[in-house]
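In: sequence and predicted model, in that order:
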Amino acid sequence: MSASLDRREFLATGAGAIGVAMAGSGESSGQTSRRPIDEPRTARSLPPLRPQQNRFRDVCDLSGLWQFQMDPDGIGESGAWHTALPKARLIPVPCSWNDLFDDARDYLGTAWYLTDCYVPAGWNGRRVCLRVGSANYRARVWVNGTLAGEHDGGHLPFAFDVTPLVKWDAPTRIAIAVDNLQKPDRVPASPGPGGGFLGSYPSTTYDFFPYAGLHRQVVLYSLPAVQVTGVRVQTTLDGDAATVTVTATSSQATGRGVVTIGDGASRLQAPLTFTSGAATATLRLPSGQLWSPESPRLHDVTVTLADGTRDVDQYTVRTGFRTVAVEGDRLLVNGSPVSLRGFGRHEDFPLHGRGLDLAALVRDFELMRWTGANSFRTSHYPYSEETYDLADRLGFLIIDEIPAVSLAFADGEANIAARLEQCKADLRELVARDANHPSVIAWSIANEPMAGNPMAPGRPDPAVVSTGTQFFQALVTLAHELDATRPVTLVGIGGGPVEWLAITDLVCVNRYYGWYSQGGQLDAGIPLLGKELDALHDALKKPIVVTEFGADTVAGLHAQPPEMWSEEYQSEMLTKYLDVAAARPFVVGMHVWNFADFKTGQGIIRASGLNQKGVFTRDRRPKLAAHTLRARWAQAAGK
């Protein structure tokens, strides 16, 4: 597949679409629908370019204390709560609501947010948009009492054009209704008749807490009348030099512009001529300019639009130039083999739950670097944009995952079809948002999809396997269409169908020999791990990443000889898994589960409602295993 994108392919990614709803009309360039909150989704917006400030654009961050009220009886819309909340209390945005209020801990129904703000007078005459960074799971947005649009799916941004709705001489009132209800046609889906994950409460199909709310910033931003609507940067290599192809889209069908890389004496420029709203330029970079984990060199790629001799808009992407490929048993960055050392993680911290916390984010990267890690997976959903910014800057490698955790295929064609459409929408939005991040080296389309009970003996139902294969083949195909420059993977559960792994470019598996099976018997479990990895490689002839392995560990609990739940057992288990991988060159990555302890539902195997497989505690204190990993990885990281 060609590394370049034609206009149709580029627009299909969502990177070329502004993705904002025309307020008050029910129509949208991003196809955002307007409908009652309980009706099924029929369409959705695509994400716009990330807002930025420059001489043509401005941003007003609305983070802070908003009014908040839960709506368990579903009366808010008929009661016009989008104009005033009858019994409001204050809540920080961004933040999850569950850890803040006693009566909201396990509440996943509709809740309302409301705030007033002034739109800067200098924006009058420009296009004004409202962007929500993440609303988990479904959101409806009103501006000054009028429905502006709605969005399904958490963890990814969406925006609406609210120009006709804002006030210029008085405060503008913004209301957002959010719900995180577990439903069979959502992704992740609600549990079936058998209940949720090991009987946990709240009931979910997955082993992490279903935090709800506005988890990232809500911002107003302004755009000029004619604007850059998409930028995609792609790289090919010729030795140590690079050819960079920049594809840009504009809100105007024809026109001219320029693309610039860098500044000063090393600046490179090329003209852009727009036809049908798209233009492409190719620039040749000298040697020594590539991005890599060892040398994460970043460049500013700026697209400027012009009207005659006058510039009318500008957009800058900060990115790095590198290639990713899978060849034989190797995962290559810039043509050189890489081995992934790192973690599965969660966006999780006391009090604010999944809400963005920049201090905690910076600390997490500092601790990952301390261990010698070079990579992580965004398990099991897309992370904040700031996460990728830091990874770009620090040279981390990311497997970027849509929220498709614990998918199942035995609850009817309608639900399966609805989930496929949601997964496709999530994938389009993910690629549109993250394609220019050099840290992102693979797209993950699912984590631990199920073809029945993975602990049950025997082969899964062939009909279920076939349905899942068609489902995932559609997503793999779409991912390749959206981005031909990165491999596509899904993360398989123990006992899951090999057929699903076979259709991906990079094999990723989660394995827990010595914990969920052969518990307390590492000498019995570890040989089974090696045997299975050998069999997978013999069957698939592809590189393998073990994306989860680990043991629950109570900080401060010690045992000699090592016993389950002790720090010594966790440390010994991780060491033995790493030894198995080191003996197999086709294992190109090992991601420990988990970086830090995280909150999950209450249940009989989750004391204090925590999954304690972290090598750090939830408040980021190291366990013995963190020191073990540092001793193992520091030399590989050059520390």
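Out: Nice, thanks for sending it over. Numbering: from 1, shown residues only.

In: which SSE is Cys129 in?
Out: strand 127-132 (DSSP states H and E).

In: now the element after that strand, going C-ward?
Out: Taking DSSP H and E, what comes next after strand 127-132 is strand 135-136.

In: strand partners of that next one, parallel vs antiparallel please.
Out: Sheet pairing here is set by DSSP bridges, and for strand 135-136 it gives strand 213-214 (antiparallel).

In: for Ala212, give me its contacts.
Out: Ser96, Trp97, Asn98, Tyr107, Leu108, Ala111, Asn136, Tyr137, Val178, Asp179, Asn180 (CB atoms under 8 Å, 6 or more residues apart in numbering). From N, CA and C alone the C-beta is placed, and that goes for glycine too.

In: most neighbours, which of the residues you listed?
Out: For those, counting by other CB atoms under 10 Å, the largest number of neighbours falls to Ser96: 27 neighbours.

In: leaving out sequence neighbours, find the closest residue to that residue.
Out: Computed as CB to CB, 6 or more residues apart in numbering, the closest residue to Ser96 that is not its neighbour in sequence is Gly353, at 2.9 Å.

In: now Ile176
Out: Excluding the flanking residues, the one nearest Ile176 by CB to CB, 6+ apart is Tyr113, at 4.6 Å.

In: with Pro449 instead?
Out: Using CB to CB, 6+ apart, the closest residue to Pro449 is Leu407 (4.2 Å).

In: can you check Phe68 too?
Out: The nearest residue in space to Phe68 (CB to CB, 6+ apart) is Ile91, at 3.8 Å.

In: give me the number of residues near the one you found?
Out: Neighbours of Ile91 under the rule other CB under 10 Å: 20.

In: which helix or strand contains it?
Out: Counting by DSSP H and E, Ile91 is part of strand 89-93.

In: CA atoms of that strand as PDB?
Out: The C-alpha coordinates for strand 89-93 follow below in PDB (Å, rounded to 0.1, in the frame of the first residue of the first chain):
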ATOM      1  CA  ARG A  89     -23.100  21.600  43.300                       C
ATOM      2  CA  LEU A  90     -19.600  22.400  42.100                       C
ATOM      3  CA  ILE A  91     -17.300  19.900  40.300                       C
ATOM      4  CA  PRO A  92     -13.800  20.400  38.800                       C
ATOM      5  CA  VAL A  93     -13.400  19.900  35.000                       C
END
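
In: orientation of that strand relative to strand 127-132 in degrees?
Out: Angle of strand 89-93 versus strand 127-132, following axes from the mean of the first three to the mean of the last three CA atoms, to 10 degrees, is 100 degrees.

In: partner strands of strand 89-93 and their direction?
Out: Here, using DSSP bridges, strand 89-93 pairs with strand 64-70 (antiparallel).

In: average model confidence for the partner strand?
Out: The average pLDDT within strand 64-70 is 98.

In: for that strand, buried residues please.
Out: Trp66, Gln67, Phe68, Gln69, Met70 (16 or more other CB atoms under 10 Å).

In: so what's the last one closest to, chain neighbours aside?
Out: Pointing back at Met70 there. Nearest to Met70 is Ala111, by CB to CB, 6+ apart, at 4.7 Å.

In: on that earlier part again, and the strand holding Ile91, how far from the chain's centre?
Out: Centroid separation for strand 89-93 versus its chain: 25 Å, with CA atoms, centre = their mean, to the nearest Å.

In: and that strand, which residues are buried?
Out: For strand 89-93, burial by neighbour count (16+ other CB under 10 Å) applies to Ile91, Pro92, Val93.

In: for the stretch 351-500 of the chain, give me the ranges with low pLDDT.
Out: Residue ranges of the stretch 351-500 of the chain with pLDDT under 70: 454-458.

In: residue boundaries of the strands in it?
Out: Taking DSSP state E, counting those that start in this stretch, the strands of the stretch 351-500 of the chain run over residues 375-377, 397-401, 440-447, 488-492.

In: just the stretch 151-300 of the chain next, same as before
Out: According to DSSP E, counting those that start in this stretch, the strands that the stretch 151-300 of the chain contains are 158-161, 172-179, 213-214, 218-223, 228-238, 241-250, 255-261, 268-274, 278-285, 299-307.

In: contact partners of the third one?
Out: Read it as strand 213-214. Contacts for strand 213-214 (CB under 8 Å, 6+ apart): 66, 91, 93-98, 111, 113, 132-136, 176, 178, 180, 353-355.

In: that older thread, could I get the strands of the stretch 151-300 of the chain as TSV with distance to Glu347?
Out: Converted to TSV, these look like this (distance: least, CB to CB, whole Å):
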stretch	distance to Glu347
strand 158-161	18
strand 172-179	17
strand 213-214	12
strand 218-223	17
strand 228-238	26
strand 241-250	31
strand 255-261	32
strand 268-274	37
strand 278-285	35
strand 299-307	28
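
In: go through those and name the closest to Trp593.
Out: strand 213-214 (25.5 Å; CB to CB).

In: avg pLDDT for that closest one?
Out: The model assigns strand 213-214 a mean pLDDT of 98.
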